[in-house]
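J.: Dropping the sequence and predicted coords here.
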Amino acid sequence: TWRDDLTIDQLEDYVKTAKDFDFIKVLSIKNEVLFRELDSLCKISNISIGGHYPQYVSDGVLFESNYTSFEHLGGLVEQPELLDYRIQEIKKKDIFICPTLSWYSVGSGRYSYEELRNQLGMQYISKEIMNDWIEKTKHYREKLGQEDYYNEVKEELKKLDIKYKIINTLSKVGVKMLLSPDSSSKYMISGFGMLGEMKLLKNADLSNLEILKMATINFSDFYNENYGTIEIGKDADFIVLSQNPIDNLDALKKVEGVF
């Protein structure tokens, strides 16, 4: 998150320090003037920008910037009147989208305490951490009260339905998407969360192949790497499965080998 009191020298030093990274991630930025300064320095140093859809930057400036990816469907949910235009610009500029549906699904409050305890990968979380997570969740729900809690879940699930429709539209127009559950909060475990994210993406009527591409080919394209498919000349790390995930994504639950 950028402070609004940064000097141009501090900004230049930061961008120089970031030159060996894949991109600079923006969580939020105070105003368009600061964003323009950041973007101009990134263009000089050929550094990409990614992250959240900035609230205080106009679309005209944003879509001419070094932004290469947006997370959480930012900018596509809050202002439906701008949805078609923004999708067209995202497609035109070859910007990637990372929906992170698991973040919203777990955050919706839809799961019972037992379901939360049994999320994929939770067996690797210590009992102490698990109980702490559950207690914090209980405290939040009890503080809301039963009626407000149920209403909040209902509203959050409505928002998820909107996200599914937007993802379906993005897929149809050919916007490249990346698969990540955003395993940075309670009940979401890195690696295991990928399977939960895939299951949620089925609600957007994506094919299994489209979902698998989000985790392989599209990642390779985003990072300009030489992997993503198994063919001559590729850097092919891969897993071996006994069943075909194009037919059933549950095949990914049983990995026979890693190469």
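T.: Looks like it came in fine. Residues are numbered from 1 along each chain as shown.
J.: which ones are touching Lys254?
T.: Contacts for Lys254 (C-beta atoms under 8 Å, 6 or more residues apart in numbering) come out as Leu241, Ser242, Gln243. C-beta: built from backbone N, CA, C; applies to glycine.
J.: Inside strands: which ones of those residues?
T.: Leu241 (DSSP state E).
J.: With pLDDT and distance to Glu12 as added columns, please give the contacts of Lys254 in JSON lines.
T.: JSON lines is the format used below for the contacts of Lys254 (pLDDT from 0 to 100; distance: C-beta to C-beta, whole Å):
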{"residue": "Leu241", "pLDDT": "97", "distance to Glu12": "48"}
{"residue": "Ser242", "pLDDT": "96", "distance to Glu12": "54"}
{"residue": "Gln243", "pLDDT": "97", "distance to Glu12": "53"}
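J.: Just put the contacts of Lys254 in TSV and tack on neighbour count.
T.: Compiled in TSV, those are given as follows (neighbours: other C-beta atoms under 10 Å):
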residue	neighbour count
Leu241	14
Ser242	8
Gln243	14
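J.: TSV for the contacts of Lys254, including distance to Met122?
T.: Converted to TSV, these look like this (distance: C-beta to C-beta, whole Å):
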residue	distance to Met122
Leu241	23
Ser242	25
Gln243	24
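J.: Quickly find the element holding Gly257.
T.: Per DSSP states H and E, Gly257 falls inside strand 255-258.
J.: Give me the residues contacting that strand.
T.: Asp237, Phe238, Ile239, Val240, Leu241, Ser242.
J.: for those residues, which one is nearest Asp205?
T.: Leu241 (23.8 Å; C-beta to C-beta).
J.: hmm, back to that, gap between the strand holding Gly257 and the chain center?
T.: 26 Å (C-alpha atoms, centre = their mean, to the nearest Å).
J.: what does stretch 17-32 give?
T.: With C-alpha atoms, centre = their mean as the basis, stretch 17-32 stands 16 Å off its chain's centre.
J.: Could you pull up the residues touching the nearest residue to Glu12 once chain neighbours are set aside?
T.: In this structure, Glu12 finds its nearest non-sequential neighbour in Leu41, 6.0 Å apart by C-beta to C-beta, 6 or more residues apart in numbering. Counting by C-beta under 8 Å, 6+ apart, Leu41 touches Leu11, Glu12, Val15, Ile47.
J.: and the gap between Leu41 and Lys30?
T.: To Lys30, Leu41 is 16 Å away according to C-beta to C-beta, to the nearest Å.
J.: Equivalent analysis for His139, please.
T.: Using C-beta to C-beta, one gets 33 Å for the distance from His139 to Lys30.
J.: Quick check on those two: which one has the bigger neighbour count.
T.: Neighbours per residue (other C-beta atoms under 10 Å) separate His139 from Lys30, with Lys30 holding more: 16 against 10.
J.: could you say what helices and strands whatever helix or strand His139 lives in packs with?
T.: Element membership of His139 [criterion: DSSP H and E] is helix 127-144. When contacts are defined as 3 or more C-beta pairs under 8 Å, 6 or more residues apart in numbering; DSSP states H and E, helix 127-144 sits against helix 113-117.
J.: Now do the buried residues in the top helix by length along the chain.
T.: Assignment by DSSP state H gives helix 146-173 as the longest helix of the chain. Buried residues in helix 146-173, counting neighbours by 16 or more other C-beta atoms under 10 Å, are found at Leu160, Lys163, Tyr164, Ile166, Ile167, Leu170, Ser171.
J.: what angle do that helix and helix 127-144 make?
T.: On the basis of axes from the mean of the first three to the mean of the last three C-alpha atoms, to 10 degrees, helix 146-173 is oriented at 110 degrees to helix 127-144.
J.: Distance from the chain centre to helix 146-173, please.
T.: Helix 146-173 has its C-alpha centroid displaced from the chain centroid by 15 Å (C-alpha atoms, centre = their mean).
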